[in-house]
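**Student:** Would you be able to build a 3D model of this:
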Amino acid sequence: MKLIYRVALLNVFIVNLLFSQGAFAEVAVVVNPSNAATLSNDDIKRLFLGKSKSFPGGASAEPVNLKGSQATRGDFEQKALGKSSNQMKAYWSKLLFSGKANPPKEVANDAEVINLIKGNPAAIGYVDAASVNADVKVVATF
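**Tutor:** Here you go, the predicted model:
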């Protein structure tokens with residue numbers, strides 16, 4: 001009986017490990033390949049928190065978020081912005097209510113982020129690093 005119990009526990013552990021891989025995914029912050037901006041982590045944070053509306057060189061910036069249901073968004077908010085999803089909701093609710101800022105545009109998935117950035121030199125977004133292709137340029141990873 002002990003052997004069956006141990007095998008069952010090992011199976012549960014392996015399944016949990018496989019399903020938790022998303023929590024360890026690397027997030028890539030991407031821009032249009034024509035964008036020559038060099039961004040620090042602080043610059044990225046300021047753009048996605050609505051504290052800055054331009055890249056360091058002065059060109060206009062348009063941040064793009066994934067929908068809240070996407071795991072990559074949660075990873076980005078935690079790793080790049082240092083906030084949980086709930087903290088971000090509260091943050092944007094406060095700014096919206098006071099009329100100080102609007103949250104970034106939201107799209108459904110990595111392909112939409114890439115497509116939007118490909119067609120807009122001012123756009124900046126983030127995707128799962130595995131989704132990066134030649135249509136975008138990686139400026140940071142988290």
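**Student:** Tell me who's in contact with the residue most central in space within the chain.
**Tutor:** Of all residues in the chain, the one closest to the mean position by Cα atoms, centre = their mean is F76, 3.7 Å from it. Remark: with contacts taken as Cβ atoms under 8 Å, 6 or more residues apart in numbering, F76 is in contact with 27, 29, 48, 66, 126, 142. C-beta: built from backbone N, CA, C; applies to glycine.
**Student:** Let me know the helix or strand that it is in.
**Tutor:** According to DSSP states H and E, F76 maps onto helix 71-79.
**Student:** that older thread, now go through the contacts of F76 and say which are in helices.
**Tutor:** Assigned to helices by DSSP state H, the following of the contacts of F76 qualify: F48.
**Student:** Please narrow the contacts of F76 to those residing in strands.
**Tutor:** If you go by DSSP state E, the contacts of F76 have 27, 29, 66, 126 in strands.
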